[in-house]
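Colleague: Build me a model from this:
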Amino acid sequence: MSDIGLMFKDQLVRAIKRSDDPKSQTRRIDGLEFINSDPGKWRLATLDEWYGTKGGNKLSHPRSHVLDPVFCRIHDGFMYRPSIRYATGRKIWVRETYRFLGVYASWNADDIRTRFVNIDSGWFIRDGHVAYRADEGESGVDTWRPSILMPRFASRFILTITDVRFQRIQDISGDDCFAEGIDSENDENYLMAEHFQVGGSPIQGGSPERFAFICLWDLINGGSKYSWQSNPWVSAITFKTEMLQHGR
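Modeller: This next block holds a predicted model:
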């Protein structure tokens, strides 16, 4: 099973890199688009319900090892099993905004891959040939390349999936908000919500960490049909992080 490349915004990369309470979860929509065309019409079904409709024994069923969720449409009992690419043990490589340095500054990824047959071994990062906007900020540099274009050999983080759950986004707990990278000391939305809460004012989400996560979620998804208000189903992925050493 091949590794998965996922894009992360700069602030989330910094949360992954943080030494104290680093980001250890991410929530993703992909694979659940059909369910999320009308998320309120579905519930998670049990494996007993699923195999019952198939007339088979769940212990001998050829797909019994697959961890994809099973959904039941509430009004008619129709069962649907989407194909989810996230599974325990699978690895994610982080795609972030980047640029090449030195003699490679103007090179494209295909040229570098063609020139060096062992490019995926990590030496390109360790030798300091890549810079990351999450570390340096804009810095007046106009040569940043978007995360969607990042090649595998330029990625410095490997995330190994340790757990996958399926839930509506509004069911996220306070602890999971922190696991998503919310920083109680530096997140402006958290600190603002905390200020209003101390003053007795109600805040969306009911707690500073949930309010801060709502702001983060809608920063990424608010312009789509997957906003916090629409309450989509998500894959809640827990991971552990390995960082390749950087030479710069």
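Colleague: The helix or strand where residue 164 lies pairs with which strands, parallel or anti?
Modeller: Using DSSP states H and E, residue 164 falls within strand 157-168. Strand 157-168 pairs in its sheet with strand 91-95 (antiparallel), strand 233-243 (antiparallel), by DSSP bridges.
Colleague: Tell me which of the ones you listed sits nearest to residue 219.
Modeller: Nearest to residue 219, of all the strands paired with strand 157-168, is strand 233-243, at 15.6 Å by CB to CB. C-betas here are computed from N, CA, C, even on glycine.
Colleague: contact partners of the helix of greatest length in the chain?
Modeller: For the chain, the longest helix by residue count, based on DSSP state H, is helix 208-221. Residues from elsewhere that reach helix 208-221 (CB atoms under 8 Å, 6 or more residues apart in numbering): 9, 11, 27, 29, 169, 172, 174, 177-178, 180-182, 184, 187, 189-191, 193-194, 197, 203-205, 227-228.
Colleague: tell me the mean pLDDT for it?
Modeller: Averaged across helix 208-221, the pLDDT comes to 94.
Colleague: Ok, stretch 69-86 next?
Modeller: Stretch 69-86 comes out at a mean pLDDT of 90.
Colleague: so how far is the first residue of it from its last?
Modeller: 11 Å (CA to CA, to the nearest Å).
Colleague: Tell me how far that stretch lies from the chain's centre.
Modeller: 22 Å (CA atoms, centre = their mean, to the nearest Å).
Colleague: so where's this structure shaky on pLDDT?
Modeller: Counting by pLDDT under 70, the chain has low-confidence residues at 52-68, 139-140, 245-248.
Colleague: the strands in it, which residues?
Modeller: Here the chain has its strands, by DSSP state E, at 4-7, 25-28, 42-44, 71-73, 79-80, 91-95, 98-100, 130-132, 157-168, 233-243.
Colleague: Give me the buried positions along the longest one.
Modeller: Spelled out, it's strand 157-168. Neighbour-count burial for strand 157-168, counted by 16 or more other CB atoms under 10 Å, picks out 157, 158, 159, 161, 164, 166, 167, 168.
Colleague: next one: the last one
Modeller: For strand 233-243, burial by neighbour count (16+ other CB under 10 Å) applies to 233, 234, 235, 236, 237, 238, 239.
Colleague: Kindly report the same for the third one.
Modeller: The neighbour-count check on strand 42-44 (16+ other CB under 10 Å) flags residue 42 as buried.
Colleague: helices and strands around that strand, which ones?
Modeller: Strand 42-44 sits against strand 71-73, with contacts defined as 3 or more CB pairs under 8 Å, 6 or more residues apart in numbering; DSSP states H and E.
Colleague: Each with direction, which strands does the strand it packs on pair with?
Modeller: Counting by DSSP bridges, strand 71-73 is paired with strand 42-44 (antiparallel), strand 79-80 (antiparallel).
Colleague: quick one, which of those is nearest to residue 97?
Modeller: strand 42-44 (35.1 Å).
Colleague: which residues touch the closest residue to residue 225 other than its chain neighbours?
Modeller: Once flanking residues are discounted, residue 225 sits nearest to residue 36: 7.3 Å by CB to CB, 6 or more residues apart in numbering. Residue 36 makes contact with 29, 225, 226, 230, 232, 233 under the criterion CB under 8 Å, 6+ apart.
Colleague: next one: residue 238
Modeller: 24, 25, 161, 162, 163, 164, 165, 179.
Colleague: again, only using 6 Å
Modeller: The contact partners of residue 238, by CB atoms under 6 Å, 6 or more residues apart in numbering, come to 25, 162, 163.
Colleague: who's the first one bridged to?
Modeller: The residues listed as beta-bridge partners of residue 25 by DSSP bridges are residue 238.
Colleague: Then the last one?
Modeller: Under the criterion DSSP bridges, residue 163 forms beta bridges with residue 238.
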